[in-house]
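K.L.:
requesting a structural model of the entry that follows:
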Amino acid sequence: VHSTSTMAVIQDEAFVTAIAHACKHPYTTVVGLLLGSVEGKTITVTKAVPLVHHHHQLTVATEAALMQVDEYCNARQLTIVGMYQALEDATARPFMDPFGKRLADKVKSQCKDAIALMINAQGLTPSMNDVTQLYEVYSSGSENKWGNINATTTIDSACLQTITTMMATEKYKLVCDFDEFLADPSVDFFNTEFKV
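P.N.:
Sure, this is the predicted structure:
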C-alpha cells in the first residue's frame, strides 16, 4: 500500500540527464541511479547518475559503480533515493525489467522510500508536447512489488523545452555512463560538466 501523502520532486538537471542517457542509447535499455534526499514523505531528486547501457545484470562492475556512487553521495551529503530505467522495447509493459527490479530492490534496501523513474523512450520525439507522457514513477510496498506511485510527482513543465533543445542540438551525446567509464577511466560518469 502506498501512502497518498508521498511526493516525488525531480529537479530538471536530474530528469534531463536521465532523458539524455535514454536518447544517447535509443536501441538499448539504459539504467541509472537517482540521488537526492528524503524528508518525511518528500523525495527530492537532484542528480541522475547514468550506469549502464549494455551490462544488464548486477555484476561486480555494477557493484563497483554503486560503491563509487556511495562515496560521491557521502562527500556531498546526498542519498541514493532511486533508480531510473528506459527499456529498449519502449512498448513493453510493465516498464521495469528483471535487472531494473533487482537494482530498485537493492536501492530500496538502503532507502525504504526509494522510487523508480521509468522513462517512456517511445515518447522521446521532436513533436512531444507533454512532459508527463515521458515517465512513470514507481514505488514499492513491503513485498517489494513495484508499481505506479500513488503520489504527487513534480517535474517542471519548462523542462520539456530543455529536452527538445537537447534533442535538436544532440547535446545528449555528451552524457557518459559507467559502461563508458569502464572502457575509458578518464570519462566522468557523474557528468559534472553536462549542461544543456
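K.L.:
tell me how many other residues crowd residue 80.
P.N.:
Using other CB atoms under 10 Å, the number of residues around residue 80 comes to 20. For glycine as for every other residue, the C-beta is placed from the backbone atoms N, C-alpha and C.
K.L.:
helix, strand or coil for it?
P.N.:
When classified by DSSP: H, G, I helix; E, B strand; the rest coil, residue 80 comes out as strand.
K.L.:
heads up, I number from 4, so please use that
P.N.:
Renumbered: residue one is now 4, and that last one reads residue 83.
K.L.:
ok, and what's touching the helix or strand hosting residue 182?
P.N.:
Assigned by DSSP states H and E, residue 182 falls within helix 181-186. For helix 181-186, contacts defined as CB atoms under 8 Å, 6 or more residues apart in numbering pick out 52-58, 64-65, 68, 71, 190-192.
K.L.:
one more pass at 7 Å, please.
P.N.:
54, 55, 56, 57, 58, 64, 68, 190, 192 (CB atoms under 7 Å, 6 or more residues apart in numbering).
K.L.:
restricted to helices, list the residues you listed.
P.N.:
64, 68 (DSSP state H).
K.L.:
reformat the contacts of helix 181-186 as CSV; add distance to residue 91 and pLDDT.
P.N.:
Listed next are the contacts of helix 181-186 as CSV, based on distance: CB to CB, whole Å; pLDDT from 0 to 100:
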residue, distance to residue 91, pLDDT
54, 15, 95
55, 12, 91
56, 9, 91
57, 10, 76
58, 14, 63
64, 19, 82
68, 20, 92
190, 22, 95
192, 20, 97
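K.L.:
for the contacts of helix 181-186, which one is nearest residue 140?
P.N.:
Nearest to residue 140, judged by CB to CB, of those is residue 54 at 18.6 Å.
K.L.:
the closest one touches residue 33, doesn't it?
P.N.:
No. Applying CB atoms under 7 Å as the test, residue 54 and residue 33 come out as separate, 8.2 Å apart.
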